[in-house]
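Asker: sequence and predicted structure, then a few things I'm wondering about:
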Amino acid sequence: MKTLEEELISCKTNNQRIFEQRTNLPGVINTIIENLEDDTCFAHIGDEPIHFSTSVQEMIDKFREILFPGYFSREKLDGANLKYSIGQTVSQLHDILAEQVTHVLRHDCLRYGQACIECENKGYGTALKVIEEIPGLRRCLAQDVIAAYEGDPAAKSHDEVIFSYPGLYAITVYRIANILHKLKIPQLPRIMSEHAHSITGIDIHPGATIGSRFVIDHGTGIVIGETSVIGNNVRVYQNVTIGALSLPPGAGEKLRDAKRHPTIEDNVIIYSGATILGGETIIGSGSVIGGNVWLTQSIPSDTKVFIETPKLIYRYQDEDK
Amino acid sequence: MKTLEEELISCKTNNQRIFEQRTNLPGVINTIIENLEDDTCFAHIGDEPIHFSTSVQEMIDKFREILFPGYFSREKLDGANLKYSIGQTVSQLHDILAEQVTHVLRHDCLRYGQACIECENKGYGTALKVIEEIPGLRRCLAQDVIAAYEGDPAAKSHDEVIFSYPGLYAITVYRIANILHKLKIPQLPRIMSEHAHSITGIDIHPGATIGSRFVIDHGTGIVIGETSVIGNNVRVYQNVTIGALSLPPGAGEKLRDAKRHPTIEDNVIIYSGATILGGETIIGSGSVIGGNVWLTQSIPSDTKVFIETPKLIYRYQDEDK
Amino acid sequence: MKTLEEELISCKTNNQRIFEQRTNLPGVINTIIENLEDDTCFAHIGDEPIHFSTSVQEMIDKFREILFPGYFSREKLDGANLKYSIGQTVSQLHDILAEQVTHVLRHDCLRYGQACIECENKGYGTALKVIEEIPGLRRCLAQDVIAAYEGDPAAKSHDEVIFSYPGLYAITVYRIANILHKLKIPQLPRIMSEHAHSITGIDIHPGATIGSRFVIDHGTGIVIGETSVIGNNVRVYQNVTIGALSLPPGAGEKLRDAKRHPTIEDNVIIYSGATILGGETIIGSGSVIGGNVWLTQSIPSDTKVFIETPKLIYRYQDEDK
């Protein structure tokens, strides 16, 4: 045991040591600042910032408030406030969207030396085009909700699908991001889809083409690649990959514009854990792909594909001890 | 290169165009508002709002502060403040819970034209019932923590399990949501479980029945369906599905109340990637289900089931190039 | 239909009932407080709190602002503000880090009765050591970014990798947490890695050893265990497990310090769904592990391992109905 005096000395020594350590901080900071000039590393200095994280969440939230009016708003919507509330939310969304699109355009344009006011102009134009798509989006998402409810005995109501299904969240964000992708807006669609990926574990590239009444059940672990083409009325379960074939090293650059992901025709069901790969692979309409199937070739219409039941080995506990 | 004058004209033209684009916004907003009357889409107008997102997070946080006292609180708990701090947190949780339950009850009751004060009454009654379960919940979760620690060599302490294991987070939320589910509260349990799903990648339906000392290791990609029955001392690894058999199209409605998910008896271990399906499938007590096994039939007690080691094909790099 | 008078009575009765229910709350709270003394449950009373959740997010955000300057900052960085902005962020990070490390050290030290000022001293010392690693970390992460871009045809730019790839997020957090782990800081590295796990679905234990140019594509469902050793230039796809062999019950304690996870040598690619298990398993350099392969034995260098294409069963829809 230390005496009180020893304790005090030990305490002073420690305080002294903390103070001495803090005096080293400026030197370390200088080293970090000098290291900023190391151009083998990535820095984004002089470039337009992309205020993405909180803004992207806010933007997606506003979209959902408008696409499913009254479901995600803090206040009750009724005849008295409906028009004002939705009108104001749309107007706010328009401004956020215009600002975000301008940011990502400027980010790329500064790099290539174009003038900035054109980016702002294109930002406002794009925001308006996206907002104009909202009525169509609402009809499309309504069909997604109905299809999800119809096929899932655990769903108690359409409202439950809207309030709590991660599949619907991911599809909603995909359908918005896909509009931006088709308008050739860089960065933003991918940042949106990775946000949804983070929330849901569902990774749908904004470049994918997906028809109506698309359903994702359970959702975690799904990957749908950039050049996938998916028809109407398709249902996909957890841990399904619709992806590219393996690439020889360094092939990244060369294949950047090729169709590398499969085509899934109408009315197909893909059960959990199935993997379908390759740009020339076509799953014919009405087919059913069983759990854990691994496919790299095309399948004709109205076909069911299952893996042979793997032989299971049974052992009683006392046999192997 | 543009002259300064040309730059100025171009700039003015662009500003003009931005202004013109903004004047189109009111028209677009009107179209969106008119579209609200399209009743093939979903709107929630005149219905009670469900303030879910931030409130559900807040509610789960308060539960965790009370269920593991001192672990997740901002202030240090000791003899001096313990009673007041816990007392106040319980009281806050009670009020949030009463409000949330009232909201979801009203949401459904408005739809069927019942009186609202009864919802509020039931909301307070439910909140109290849930709060009363807390001591039992704490004992139950303590067993879950101990079981997780015992089986995992990477765990350095019980505290580490409590602070950082996503499996424990998901089980905690499941055990709360299950109480609400058994009290027949709509929407809220599912919104809670989907919140945990989003945080952890673990999807446990609040309707599942799960015994004591339940362990989820690593967690991502787990699905446990609504009518699953799981005994005591069961351990489950990543990417395990305890799910329903595939359904004929349109079967959703018909099967809404059937037992569609397996029964797992006591002391079972299910390794990563295993899939167990079907309401009549029973995994006997003490059995071990190996990685990637796909089971749709029952297994007697004390059995180990593995897949035959799949034949692997080895090729040296220079053979195939 | 009720008369107005009946409605009023019913309303009063309900208000009465709510009031009565609220009067039960203090009793319930008392029961919960008494239950705090049940030492079969976990409580953390008198222990130093660990302010983890918001602080860990804030800490990771500051690291990312410094490691990729200008990418994640709210303000534009240029020659005028660069030094001040980075300098201030580093200084803030230093203080958060010192505080967090002190907290977790105190948390453990209180338990063993050591003096607290030494924890603070060690907290400041550790923070400085971590900050000193930043230039090296930046060079290392730059190589991770370049490797991710080179192998992925869906990546449009290095910026896209930095802004939106969950794999890079998880690797960034791993590389920071690994530094803290090597400095023998308890709790904090695991809390950080579980935070990244929650955001990305990628679970890399801070104790793993991972070389340069490490790439995770798509990311969800990845598990990399505590004692894994991974070389340079390794690429891993979604749902890959680099894990431990199954354990006999109760083995947790005994194996807490053994090498339980595989060694992956340089230039290896591991495709989606592959599982590699066991502390003595070594995957030789330059090898390719195909999708869904399940490996518990070593593989020589430059080998490709695939599963035999499982026999698929095709059935036309009209055959089986």
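Answerer: Looks like it came in fine.

Asker: name the helix or strand for residue A:32, please.
Answerer: helix A:25-35 (DSSP states H and E).

Asker: for that helix, what is the average pLDDT?
Answerer: The pLDDT scores in helix A:25-35 average 82.

Asker: which of the residues in it are buried?
Answerer: A:25, A:28, A:29, A:32, A:33, A:35 (16 or more other C-beta atoms under 10 Å in any protein chain shown). Placement of C-beta: from N, CA and C, glycine included.

Asker: which of those residues sits closest to chain C?
Answerer: Nearest to chain C among those: residue A:35, at 3.9 Å, using C-beta to the nearest C-beta.

Asker: contact partners for the closest one?
Answerer: A:41, C:134, C:135, C:138 (C-beta atoms under 8 Å, 6 or more residues apart in numbering or on different chains).

Asker: re earlier: give me the angle between the helix or strand that the helix holding residue A:32 is followed by and helix B:25-35.
Answerer: Counting by DSSP H and E, the next helix or strand C-terminal to helix A:25-35 is helix A:53-67. On the basis of axes from the mean of the first three to the mean of the last three C-alpha atoms, to 10 degrees, helix A:53-67 is oriented at 50 degrees to helix B:25-35.

Asker: chain center to helix A:53-67: distance?
Answerer: 13 Å (C-alpha atoms, centre = their mean, to the nearest Å).

Asker: which strands or helices does that helix pack on?
Answerer: helix A:82-112, helix A:134-150, helix A:166-182, helix A:188-200 (3 or more C-beta pairs under 8 Å, 6 or more residues apart in numbering or on different chains; DSSP states H and E).

Asker: for that helix, give me every contacting residue.
Answerer: A:71-73, A:86, A:89-90, A:92-93, A:96-97, A:99-100, A:134, A:137-138, A:141, A:172-173, A:176, A:188, A:191-192, A:195-196, B:32, C:72.

Asker: flag the shaky bits of the stretch 101-250 of chain A, pLDDT-wise.
Answerer: A:110-115, A:247-250 (pLDDT under 70).

Asker: just the buried residues from the contacts of helix A:53-67, in ChimeraX please.
Answerer: Buried residues within the contacts of helix A:53-67, by 16+ other C-beta under 10 Å, are selected in ChimeraX with:
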select /A:71,72,73,86,89,90,93,96,97,99,100,134,137,138,141,172,173,176,188,191,192,195,196 /B:32 /C:72
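
Asker: quick check: phi and psi on residue A:283?
Answerer: phi -100, psi 110 (degrees, to the nearest 10).

Asker: now swap in the one 5 residues further on and tell me
Answerer: Backbone geometry at residue A:288, expressed as degrees, to the nearest 10, gives phi -120, psi 120.

Asker: how about it, what does it touch?
Answerer: A:268, A:269, A:271, A:303, A:304, A:305, B:246.

Asker: residue A:206 too?
Answerer: So residue A:206 contacts A:174, A:177, A:178, A:180, A:181, A:189, A:190, A:192, A:193 (C-beta under 8 Å, 6+ apart).

Asker: how about the closest residue to chain C within chain A: what's its closest non-neighbour residue?
Answerer: Going by C-beta to the nearest C-beta, chain C is nearest to residue A:44 of chain A, at 3.1 Å. The spatially closest residue to residue A:44, leaving aside those adjacent along the chain, is residue C:70, at 3.1 Å (C-beta to C-beta, 6 or more residues apart in numbering or on different chains).

Asker: now do the one you found against residue C:84, distance only.
Answerer: For residue C:70, the distance to residue C:84 equals 14 Å [C-beta to C-beta, to the nearest Å].

Asker: who has more neighbours, the two?
Answerer: residue C:70 (23 against 11; other C-beta atoms under 10 Å in any protein chain shown).

Asker: I'd like the distance between that one and chain B.
Answerer: According to C-beta to the nearest C-beta, to the nearest Å, residue C:70 stands 26 Å off from chain B.

Asker: what about the residue lying closest to residue A:147 once chain neighbours are set aside, which helix or strand?
Answerer: Nearest non-adjacent residue to residue A:147, counting by C-beta to C-beta, 6+ apart: residue A:213, 3.9 Å away. In the assignment (DSSP H and E), residue A:213 maps to no helix and no strand.

Asker: ok, residue A:213 - contacts?
Answerer: A:143, A:144, A:146, A:147, A:232, A:233, A:234.

Asker: distance of the first one relative to chain B?
Answerer: It stands for residue A:143. 8 Å.

Asker: quick check: that residue touching residue A:212?
Answerer: Yes: counting by C-beta atoms under 8 Å, residue A:212 is a contact partner of residue A:143 at 5.0 Å.

Asker: export the contacts of residue A:206 as TSV, with columns for distance to residue A:276.
Answerer: Formatted as TSV, the contacts of residue A:206 follow (distance: C-beta to C-beta, whole Å):
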residue	distance to residue A:276
A:174	18
A:177	22
A:178	20
A:180	26
A:181	22
A:189	23
A:190	22
A:192	25
A:193	20
